[in-house]
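Participant: build me a structure from this.
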Amino acid sequence: MKILGILGAHKRSGMTAKMLETVLQAVEQPNTVKIIYLEDLVIKPDIEGVPNPELDQIEKELLETDVWVFAAPTYWGTLSGVMKNLFDCLRQRLVRFDHTGASHPDRFKDKHYVSLTCCYTGAFENLISGVTDQTFKTIDKVMSAAGVIKVTEAVVTNTWGKTALSSKKEREFLAIGHKINNAKRRDDRTVKRYVELFFMVAAMSLITMLLQRMCSSFLSLTNFWFNYVSFTVIFFVLLAFLLHFVTFVKHRRH
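Facilitator: The predicted structure follows:
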């Protein structure tokens, strides 16, 4: 298996680089590792009739590798411009567009990726406000469009003045590297998603019934249609909130 680390930070030896290097340090033979430092390259979008050798080389590396490890700091609450520029320039190559302009997974489908980021924000503030969420969302959106499967994500907070990872974070990133060693080339999570959906529906049904029981003292639930409508409304609100949280909000924040 071939693993490609992509560093989208301004410093080659900063905290983001240390995160990436620690993950890749745990990759075991015969798996191989290569790192691309985006700051070393002049990455521009494709222009018809104009050669684009650096983007060609990046595309070649992406095609030849099985797992991509994206490491980029969070600046101003979102993905660093260096990494975002790479995604923007690769847009026409990562996906296939149909006659309506809709995008579809293409040559990179079923590869895997890991997302790493860091920020100056403290752990508690990031836990509450989700400063790094938008960074993960951006990477996830691009990779989802390309059909690339997520392995995991990780964050380091409160990096102002830090020059090394804590022992706890070092163990966490080494564990991610070990996890990469076992990443499957194809990963059909259909059964897992159906199981998760079943338990979500079961939990929401139970909570809805408990709320109805609590309201029975001042609401008459003996009428079938009133009981049905109240159950549907409560269930929908709870499930919508849970789906929003799981899909858009829940990220590593500490």
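Participant: quick check: what element follows the helix or strand containing Val23 along the chain?
Facilitator: In the assignment (DSSP states H and E), Val23 maps to helix 15-25. Remark: after helix 15-25, the chain's next helix or strand is strand 32-37, criterion DSSP H and E.
Participant: name the residues of that following strand that come out as buried.
Facilitator: Val33, Ile35, Ile36, Tyr37 (16 or more other Cβ atoms under 10 Å). The way it works is simple: take the backbone N, C-alpha and C, and place the C-beta from them, glycine included.
Participant: just to revisit the earlier point, and the helix holding Val23, what does it pack against?
Facilitator: strand 2-7, strand 32-37, strand 67-71, strand 112-118, strand 149-156, helix 167-181 (3 or more Cβ pairs under 8 Å, 6 or more residues apart in numbering; DSSP states H and E).
Participant: low-scoring stretches of the stretch 151-254 of the chain, by residue?
Facilitator: Applying pLDDT under 70 to the stretch 151-254 of the chain flags the ranges 184-190, 218-221, 244-250.
Participant: ok, the buried residues of strand 32-37 vs Ile176, which is closest?
Facilitator: The closest of these to Ile176 turns out to be Val33 (Cβ to Cβ; 13.3 Å).
Participant: please look at Lys150 and Phe136 and confirm they touch.
Facilitator: No - at 9.5 Å, Lys150 and Phe136 do not qualify as touching, with contact defined as Cβ atoms under 8 Å.
Participant: when the two are compared, which one has more neighbours?
Facilitator: With neighbours defined as other Cβ atoms under 10 Å, Lys150 and Phe136 compare such that Phe136 has more, 24 against 16.
Participant: for the more buried one, give me its contacts.
Facilitator: Phe136 sits next to Ser115, Thr117, Glu153, His251, Arg252 when contact means Cβ atoms under 8 Å, 6 or more residues apart in numbering.
Participant: please report phi then psi for the last one.
Facilitator: Phi and psi for Arg252, reported as degrees, to the nearest 10, are phi -70, psi 130.
Participant: verify the stated contact: it with Thr157.
Facilitator: No - counting by Cβ under 8 Å, Thr157 is not a contact partner of Arg252; they are 10.0 Å apart.
Participant: more crowded one of the two?
Facilitator: Thr157 (24 against 18).
Participant: start to end distance for stretch 93-106?
Facilitator: 9 Å (Cα to Cα, to the nearest Å).
Participant: give me the buried positions along that stretch.
Facilitator: Arg93, Leu94, Val95, Pro105.
Participant: after the lengthiest helix in the chain, which helix or strand is next?
Facilitator: Identified as the longest helix of the chain according to DSSP state H is helix 190-215. Per DSSP H and E, helix 190-215 leads on to helix 224-244 as the next helix or strand towards the C-terminus.
Participant: list the buried ones in stretch 140-147?
Facilitator: Asp140, Val142, Met143, Ala145, Ala146, Gly147.
Participant: what do you get for stretch 11-25?
Facilitator: Applying 16+ other Cβ under 10 Å to stretch 11-25 flags Gly14, Met15, Thr16, Ala17, Lys18, Met19, Leu20, Glu21, Thr22, Val23, Leu24 as buried.
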